[in-house]
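# Got a predicted structure plus its sequence, pasted below:
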Amino acid sequence: MPVEILKEKPEYPVSPYDKDARVRKLLRRDKEPLRSLGIIEDALVKFELSKNEIKVYIYLARSGMRKAREISDALSLHRTETYRILRDLGKRGLISSVLEKPLKFMATPFEETLGILIKAKKLKIEFLERKKKNLIEIWYSIPHPKVEPENKEVFQILEGEEQIIIKANEILEKTREVIYVLAPDLELLRLYHSGFTDSLERFSKKNGKVRLLTNCSPKSRFIGEKMKLTDVRYLFSDVENLPSFIISDHEQLLFSIKNGNDVNDPGRKRKGKVSSLWTNYEAFIRALKTLFLVLWDTKTL
């Protein structure tokens, strides 16, 4: 009786973006290409491309000219959706049609694609900036009921890095005297890459007072030294699970909320959106300011 030979189960299937996706060649050694493609995908999402549009673009960019049927089969997309995506990508200048029979498609080089997407974003922003004044005038021309301004203590939950950085810069712009920043190295790195630390430097040069408190690590040391602030202190490395927050003039607080996706869950491939709480609640601000000052005066370098 013949003995059936069991084939070794592959570690994981090839990404449809691999050049040899049609024959399902396995990536056996290094998962780094998949991680890199994940980074590219996350970046392209910010330019308002759908997941399937990104898949089609990356597949074409990596595999060269392809017929619509080949794209549809390789990515397991319905033929109608494939044609729609190709048409939409073409309108944005991200792919071109090759006049052959049958029709073939090719991707715009990646560097050019990024340039096209960035320019389109800038044009949208410039258009909205031009419309801003007109829209404000229209808004105030509409009769409004008279409402007496009230100073209420309120909370606001912000999701996503962009919204959080916009709020952080808004807080900094309204700061008159002093801003306290408690940020462990990973949070400080986020603020550094967003450009917020540059804003802190400019505020400091205009005689504003900035106190930055972070943990003692190579990352935080590097960023702290680059910022050239006079009031930076580093906590000893045995201080763990530090909160992260910004306090402005004892009046506003932006508090980072842990979403838990990167802790005790190593199997998660993608992190969830970061979240922050903004408030002008006096008791909450006073309590966190007290914590900041206690940490500032103890266990620091």
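Happy to help now that I have it.

# What is the longest helix of this protein by residue count?
helix 110-141 (DSSP state H).

# same for that one, what does it pack against?
helix 51-63 (3 or more CB pairs under 8 Å, 6 or more residues apart in numbering; DSSP states H and E). In this view, the C-beta of every residue, glycine as well, is placed from N, C-alpha and C.

# Show me which residues of the longest helix of the chain are buried.
113, 117 (16 or more other CB atoms under 10 Å).

# tell me the angle that helix makes with helix 51-63.
Going by axes from the mean of the first three to the mean of the last three CA atoms, to 10 degrees, helix 110-141 is angled at 150 degrees with respect to helix 51-63.

# So for the one helix or strand residue 42 maps to, what gets flagged as buried?
Residue 42 is located in helix 32-45, with elements delineated by DSSP states H and E. Neighbour-count burial for helix 32-45 flags 37, 40, 41, 44 (criterion: 16+ other CB under 10 Å).

# Which SSE is immediately downstream of the longest helix of the chain?
Using DSSP H and E, the helix or strand that directly follows helix 110-141 along the chain is strand 155-159.

# If you count contacts, what does that next one end up packed against?
Right, strand 155-159 is packed against strand 275-279 by 3+ CB pairs under 8 Å, 6+ apart.

# Just want the angle from the strand it packs on to strand 155-159.
160 degrees.

# just how off-centre is strand 275-279 within its chain?
17 Å (CA atoms, centre = their mean, to the nearest Å).

# Sheet partners, orientation included, of it?
Taking DSSP bridges as the criterion, strand 275-279 pairs within the sheet with strand 155-159 (antiparallel), strand 252-257 (antiparallel).

# Now the residue nearest to residue 83 when sequence neighbours are not counted: phi and psi?
Leaving aside its chain neighbours, residue 83 sits nearest to residue 68 (5.9 Å; criterion: CB to CB, 6 or more residues apart in numbering). Backbone torsions of residue 68, given as degrees, to the nearest 10, read phi -60, psi -40.

# next one: residue 209
phi -100, psi 120.

# Mind telling me what element residue 162 is part of?
Using DSSP H and E, residue 162 falls in helix 161-174.

# All set now, cheers.
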